[in-house]
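Undergrad: Provided below are the primary sequence and the corresponding predicted coordinates.
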Amino acid sequence: MQDLVLTIDCGTQGMRALIFDPEGALLAKTEKVFDGYYSNKPGYTEAPPEMFWEVLKCVVGELKSAHADLFSRIGGMTLAAQRDIITVTDSRGRALRDFISWMDRRTLDKPLPIPDPYRTAFNLAGKKGFVESFNKGTHAHWIKVHEPKLWQQAGYCVLLSTYLISRLIGRVVDAKSNIAGHFPYDFKKKVWCGPWAIKRQIIQIEREKLCELVDSCEVMGFVTAEAAAQTGLPQGLPFVGSGTDKGCETLGVGCVTPEVASVSLGTQATVEVTSEKYYELVPFYPPFPAVDPKAYNPEITVYHGMWMVGWFIRTFAEKEQADCLARGEDIYSFLDEKLAEIPPGSAGLLLQPYWGQESFKPEAAGSIIGFSDVHTKYHIYRSVIEGLGFALREGLETIEKKSGVSVKAVGLSGGGAQSDVVAGIMADIFGRPVYRVQTSETTGLGGAMAVYTGLGRYKSLTEAGAAMVRKSAEFLPDASRAALYDALYNKVYRKAYRRYRPLYRALKGLIKSNR
């Protein structure tokens, strides 16, 4: 009986192999952290393709070895990968260079030339800076300029999902819902842009270097003999298209309508909804394609979301981490205790969590205001969590304003969501109920829903969600804490970026000129 499905969850930090049943129960799991990212220059982040393939082989092999009985019941699989990490390949999909990560901050010194009359139109519309920034930040353009022979030799420019799928099924193909990055993609129609489309003038990747696309929730192919021999997967196992790690995560928390938001407290923190209506939160910034072929995921990202917790530990709590390790205690449980000791509002500290390059706030930098002699490093820690919550609330309200739909509840996922203290703070800041579902492996669960739908077990993702997603914990806002956060958000946080913006620009200009 082949009634189970396998999801490969390939995130930024590592990879998991997960077996689910038709009721959404996680039956088995193996995982491995990546050890191969490197940086040759400040701001660069790359990774060898074989790192990802070898880790995939490892987690699948360990899963098969540890759970042979369950493994033999797998009837289909999918893969959900991190977004906007690219390389170029030959005509068979074999990588010609290492992947450039979404975390990589390299840019061109000047944009690729944009032909008239498009350039004139962008200038007249006041979008010159946005267009040029996007053009210079497209990593495919960097390869094109700095590695021109390699670009000419390349058969395809691909995402990580495309690369791994091609290794598994022998076709250079991807699901439409996986295209989330710097590509000339028509997100509304979910097709590659035509030769005269505006986006193709900004992102100049030749059409012949773009892979074949198919709808998600469909069988894309079957595991080849070569892939079976290397991974231990059954030859001929159906591979069903799903979506990105974030797209599957959104589905896995039960976010299938615009009345429910998905908040991911991961390395990248995001807030998004699922909507069959197409709308852009800002011009030229489209919603991502949802796993549901008919839907979209309008999203706001805080690029260095829960990454800031790691930053805090490295900067302020290395001794505490070592002490926790010696005691056999988890550093995050220790920090939860400290978090609960600090009052809401962090005794007057307020943080803007722009430690990374924000799409909607390109000038922004991280900031903390309100210091006094009462503050400790644990006040800073709480301000990190609260600042992230304020940024996500701002994104949530932007989505509500654009969609005209009020969000009634928020599904939490990601590593940070597993803390009851953090979840409670988010409920108070959002001013609405937040919840977790029965598994922390929400990306895997969303992928499993797509597989069961693609194999015909369920007629739709909505039906799959009703059968497979269950709330396991709910956190309601406390009226007094919510009122305090509401005042801090409206009277201070929302006003801060606009007032800091000229200072951010001046600061960056001064530092750049004195390097």
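TA: Noted; the coordinates are in hand. Numbers count the residues shown, from 1 in each chain.

Undergrad: contacts and neighbour counts: CA atoms only from here.
TA: OK.

Undergrad: quick one: what helix or strand has the residue nearest the centre of the chain in it?
TA: Geometric centre of the chain, nearest residue: Lys246, 4.5 Å, by C-alpha atoms, centre = their mean. Assessed by DSSP states H and E, Lys246 sits inside helix 245-252.

Undergrad: Quick check: what element follows that helix along the chain?
TA: Next element after helix 245-252 (DSSP H and E): strand 260-265.

Undergrad: OK, contacts around Val437?
TA: Residues near Val437 by C-alpha atoms under 8 Å, 6 or more residues apart in numbering: 253, 411, 469-473.

Undergrad: And it, how far from Leu461?
TA: 16 Å (C-alpha to C-alpha, to the nearest Å).

Undergrad: before we move on, what about Leu233?
TA: 26 Å.

Undergrad: Check what pLDDT Leu150 gets.
TA: pLDDT, Leu150: 98.

Undergrad: repeat for Gln357
TA: 68.

Undergrad: Same list, the contacts of Val437, but as TSV with distance to Met220 and neighbour count please.
TA: Shown next, in TSV, are the contacts of Val437 (distance: C-alpha to C-alpha, whole Å; neighbours: other C-alpha atoms under 10 Å):
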residue	distance to Met220	neighbour count
Val253	25	32
Gly411	30	25
Val469	25	23
Arg470	29	19
Lys471	31	13
Ser472	33	10
Ala473	36	12
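
Undergrad: Among the residues you listed, name the ones in strands.
TA: 411, 471-473 (DSSP state E).

Undergrad: can you pull up the bridge partners for Gly221?
TA: Phe239 (DSSP bridges).

Undergrad: which residue packs closest to the residue nearest to the centre of the chain, ignoring adjacent ones?
TA: Counting by C-alpha to C-alpha, 6 or more residues apart in numbering, Thr443 is the residue found nearest to Lys246 once chain neighbours are left out, at 7.0 Å.

Undergrad: And the strands in the stretch 151-300 of the chain, which stretches?
TA: For the stretch 151-300 of the chain, the strands defined by DSSP state E, counting those that start in this stretch occupy 156-159, 173-175, 185-186, 191-192, 212-214, 219-222, 238-240, 260-265, 269-272, 288-289, 296-297, 299-302.

Undergrad: Tabulate the ones you listed (CSV), appending mean pLDDT, distance to Phe312 and mean neighbour count.
TA: Putting the strands of the stretch 151-300 of the chain into CSV (pLDDT from 0 to 100; distance: least, C-alpha to C-alpha, whole Å; neighbours: other C-alpha atoms under 10 Å) gives the following:
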stretch, mean pLDDT, distance to Phe312, mean neighbour count
strand 156-159, 98, 31, 26
strand 173-175, 98, 37, 26
strand 185-186, 96, 37, 20
strand 191-192, 98, 41, 18
strand 212-214, 97, 41, 17
strand 219-222, 98, 43, 20
strand 238-240, 98, 40, 25
strand 260-265, 96, 16, 28
strand 269-272, 95, 16, 26
strand 288-289, 96, 31, 28
strand 296-297, 97, 31, 28
strand 299-302, 92, 16, 23
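
Undergrad: of the contacts of Val437, closest to Glu23?
TA: If you rank the contacts of Val437 by distance to Glu23 using C-alpha to C-alpha, Val469 comes first, at 8.0 Å.

Undergrad: In contact with that closest one, which residues are there?
TA: 23-24, 252-254, 437-438.

Undergrad: Looking at the protein, which helix is longest?
TA: Identified as the longest helix of the chain according to DSSP state H is helix 377-403.

Undergrad: Flag every buried residue along that helix.
TA: 378-396, 398-400, 403 (16 or more other C-alpha atoms under 10 Å).
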